[in-house]
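K.L.:
fold the following, please.
(one chain, ligands or ions: 1)
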Amino acid sequence: MSQATLMDGTGLARRIVEETAQQAADLTARTGVTPCLATVLVGEDPASVTYVRMKQNRSRKAGIVSRHVSLPAATTTAELIGTLTELSADPTVHGILLQHPMGHHIDERAAFEAIAPEKDVDGVTLASFSAMSFGLPGFSSCTPGGIMRLLDAYDVDPAGKRAVVVGRSAILGRPVGMLLLGRDATVTYCHSRTPAADLSSAVREADIVVAAVGRPRLVRGEDIKPGAVVVDAGYNAGNVGDVDFDGARERASLITPVPGGVGPMTIATLLSQTVEAAVRQTGA
Ligand SMILES: Nc1nc2c(c(=O)[nH]1)N[C@@H](CN(C=O)c1ccc(C(=O)N[C@@H](CCC(=O)O)C(=O)O)cc1)CN2
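P.N.:
Alright, predicted model coming up:
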């Protein structure tokens, strides 16, 4: 039986980061301004620490200054908003990334809204979500933006296709569904409260499956429609995705691996949007 082709997020992300580094160098040569990304982390969740470190390291490799603010786990919403307001007002900072998830005591929505829209390179504010939903200029959430670039790179045109998005988080499921809708897909959302039988029947109908719910192997390989495109955006412990990869690969035409698929595209999108923000803010 033929197996699906792997969608190489690592390779595509590398090319995007190389282009981004060139754009950053051009901006610095023209204006003397070096793009700067501020990362903000509340607490010490090991996975979040790793992701933020990856963002810092790759920023530096792309010629982007990385400024990091590490806040204790007990930080209040008001204190966090204070930090984000200061960074939003700082002209040397062009992009702000508030790592998700935060402690349950934090009003996440209020915190995201403290990020100035022009510096929202992670696409987490309501202003960014609305603009993205209506195809207006602005920054998309990084993982959804990265997924769309990956689909484009493999000539997957969502127009007229049935897409199922499994997950409805603010930074992943919801926005990726809106981006697919904006590209004329017929979008169905499933989520943690969708009965298993309904999830199976939605996936069985789908030409494009985006799994973004954070439950290891929730999407069953046997449910994948032959020839479907499968994008696994699940981040679970041990680098396991939300899709039964081996089962799905037997049936799909294209599939993202975990690791090496969507993850690297998230960071590449963040860096390219940071340089774009710096270009816009310097008027270059
Ligand atoms: N504010 C945000 N918070 C979170 C986001 C986000 O986009 N914005 N996404 C996820 C986690 N995440 C970035 O923060 C992220 C996860 C995974 C990867 C990645 O490249 N993974 C590699 C494997 C890495 C490894 O070796 O462990 C891969 O898939 O190949 C990048 C970013 C939640 N929070």
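
K.L.:
quick one: contacts for the nearest residue to residue 208 once chain neighbours are set aside?
P.N.:
Closest residue in space to residue 208, ignoring its immediate chain neighbours: residue 163 at 4.1 Å, by C-beta to C-beta, 6 or more residues apart in numbering. Quick note: C-beta positions are derived from backbone N, CA and C, even for glycine. Residues near residue 163 by C-beta atoms under 8 Å, 6 or more residues apart in numbering: 177, 180, 185-188, 206-210.

K.L.:
could you check how far residue 237 is from the ligand?
P.N.:
For residue 237, the distance to the ligand equals 10 Å [C-beta to the nearest ligand atom, to the nearest Å].

K.L.:
ok, now which ones touch that residue?
P.N.:
Residue 237 neighbours (C-beta under 8 Å, 6+ apart): residue 47.

K.L.:
looking at this structure, which residue is nearest the ligand?
P.N.:
residue 263 (2.2 Å; C-beta to the nearest ligand atom).

K.L.:
what mean pLDDT would you report for the helix or strand where that residue lies?
P.N.:
Using DSSP states H and E, residue 263 maps to helix 262-282. Regarding helix 262-282, the rounded mean pLDDT is 98.

K.L.:
repeat for stretch 243-255
P.N.:
pLDDT averaged over stretch 243-255 gives 98.

K.L.:
so where's this protein uncertain?
P.N.:
By pLDDT under 70, the low-scoring segments of the chain are 1.

K.L.:
which residues in it form strands?
P.N.:
Remark: strands assigned in the chain by DSSP state E are 5-6, 36-42, 65-71, 95-98, 162-166, 186-190, 208-211, 229-232, 254-255.

K.L.:
the second one versus strand 65-71: what angle between them?
P.N.:
In other words, strand 36-42. Strand 36-42 and strand 65-71 are oriented at 20 degrees to each other (axes from the mean of the first three to the mean of the last three C-alpha atoms, to 10 degrees).

K.L.:
and strand 36-42, C-alpha only, in CSV?
P.N.:
Once non-C-alpha atoms are left out, strand 36-42 reads as follows in CSV (Å, rounded to 0.1, in the frame of the first residue of the first chain):
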residue,chain,number,x,y,z
CYS,A,36,13.6,43.0,18.4
LEU,A,37,11.3,40.3,19.7
ALA,A,38,10.4,40.4,23.4
THR,A,39,9.4,37.0,24.9
VAL,A,40,7.4,36.9,28.1
LEU,A,41,7.1,33.8,30.2
VAL,A,42,5.1,33.4,33.4
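
K.L.:
for the most centrally placed residue in the chain, give me its contacts.
P.N.:
The structure's the chain has its C-alpha centroid closest to residue 143; by C-alpha atoms, centre = their mean the separation is 1.5 Å. By C-beta under 8 Å, 6+ apart, the contact list for residue 143 reads 171-172, 176, 212, 233, 262, 265-266, 269.

K.L.:
thank you kindly, that will do.
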